[in-house]
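Asker: give the three-dimensional model of this entry:
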Amino acid sequence: RGRSWHSRPGEGIYLSLILRPVLPLNEISRVTLAAAVAVVEVLKREARLASGIKWPNDILVNGKKITGILTEAVTDIDGVEYIIVGIGINVNNSAADFPQEFRDTATSVREEVKQKVSRIKLLQGLLEYWESNYQQILNGEFNIILEKVRSLSLAIGRDVLIDSVNGAIAGRAIDIDNHGFLMVRDARGNIHHVMSGEILIKETSQN
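Answerer: As a prediction, this is how the structure comes out:
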């Protein structure tokens, strides 16, 4: 989408996980959500930060983005060959270091807790939570992760506009299904199961 990426040396955590799960294509979204939950959990434990998941791949604190996740799958005729999960966490970035275009929409652990924190402890905790969540996926226990995702979702119950591969979808986000797809009910009452897309969460309506 032509987006910019800002990652000054020594300030954030930027990593890629290479996975080779035996999963059908329609369950790849589960991996993204498992990573999102791991980030929320480690931010709470190591930095005492409350955060939420902006489906499918952003973590927000006080309405600003602190983490982005990008999951890409390489497939062959037999299914998934491997998955790469990219995770970027703004840790010790200062607001002044962000490019002007990001200052109103991005934050960091340092900005929220008003001090620098250990990237090593955050990374260790992230991988610990990730390993547990990933094992739950492999063991057929995604329902445990899904309940956490639902409770942490910033979209469920809100009016949204989604730019998906199948075009724009507008409506009320009502749930996240067992595949990790966002369920959106449009004005006609039709329910769309959206696998991925750029989401805009609208201001809370009064009705």
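Asker: who touches whichever strand in the chain runs longest?
Answerer: If you go by DSSP state E, the chain has its longest strand at strand 64-76. Residues outside strand 64-76 that contact it (C-beta atoms under 8 Å, 6 or more residues apart in numbering): 25, 28-29, 31-32, 35-36, 39, 43, 49, 51, 54, 57-60, 80-90, 105-109, 112. Quick note: C-beta positions are derived from backbone N, CA and C, even for glycine.
Asker: of these, just the buried ones, PyMOL syntax please.
Answerer: Entered in PyMOL, the line below selects the buried ones among the contacts of strand 64-76, by 16 or more other C-beta atoms under 10 Å:
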select buried, resi 28+29+31+32+35+36+39+43+49+51+54+57+58+59+60+80+83+85+87+88+89+90+106+107+108+109+112
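Asker: got the CA positions of stretch 180-197 in PDB?
Answerer: Presented in PDB, the C-alpha positions along stretch 180-197 are these (Å, rounded to 0.1, in the frame of the first residue of the first chain):
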ATOM      1  CA  GLY A 180     -10.000 -15.500  12.800                       C
ATOM      2  CA  PHE A 181     -12.100 -13.700  10.200                       C
ATOM      3  CA  LEU A 182     -13.900 -10.500  11.200                       C
ATOM      4  CA  MET A 183     -17.700 -10.800  11.000                       C
ATOM      5  CA  VAL A 184     -19.300  -7.600   9.700                       C
ATOM      6  CA  ARG A 185     -23.100  -7.100   9.400                       C
ATOM      7  CA  ASP A 186     -24.000  -4.600   6.600                       C
ATOM      8  CA  ALA A 187     -27.000  -2.300   6.400                       C
ATOM      9  CA  ARG A 188     -29.000  -5.000   4.600                       C
ATOM     10  CA  GLY A 189     -28.400  -7.500   7.400                       C
ATOM     11  CA  ASN A 190     -25.900  -9.600   5.400                       C
ATOM     12  CA  ILE A 191     -23.000 -11.000   7.400                       C
ATOM     13  CA  HIS A 192     -19.500 -10.900   5.700                       C
ATOM     14  CA  HIS A 193     -16.600 -13.000   7.000                       C
ATOM     15  CA  VAL A 194     -13.600 -10.900   6.200                       C
ATOM     16  CA  MET A 195     -10.200 -12.600   6.100                       C
ATOM     17  CA  SER A 196      -8.100  -9.500   5.800                       C
ATOM     18  CA  GLY A 197      -8.200  -5.800   4.900                       C
END
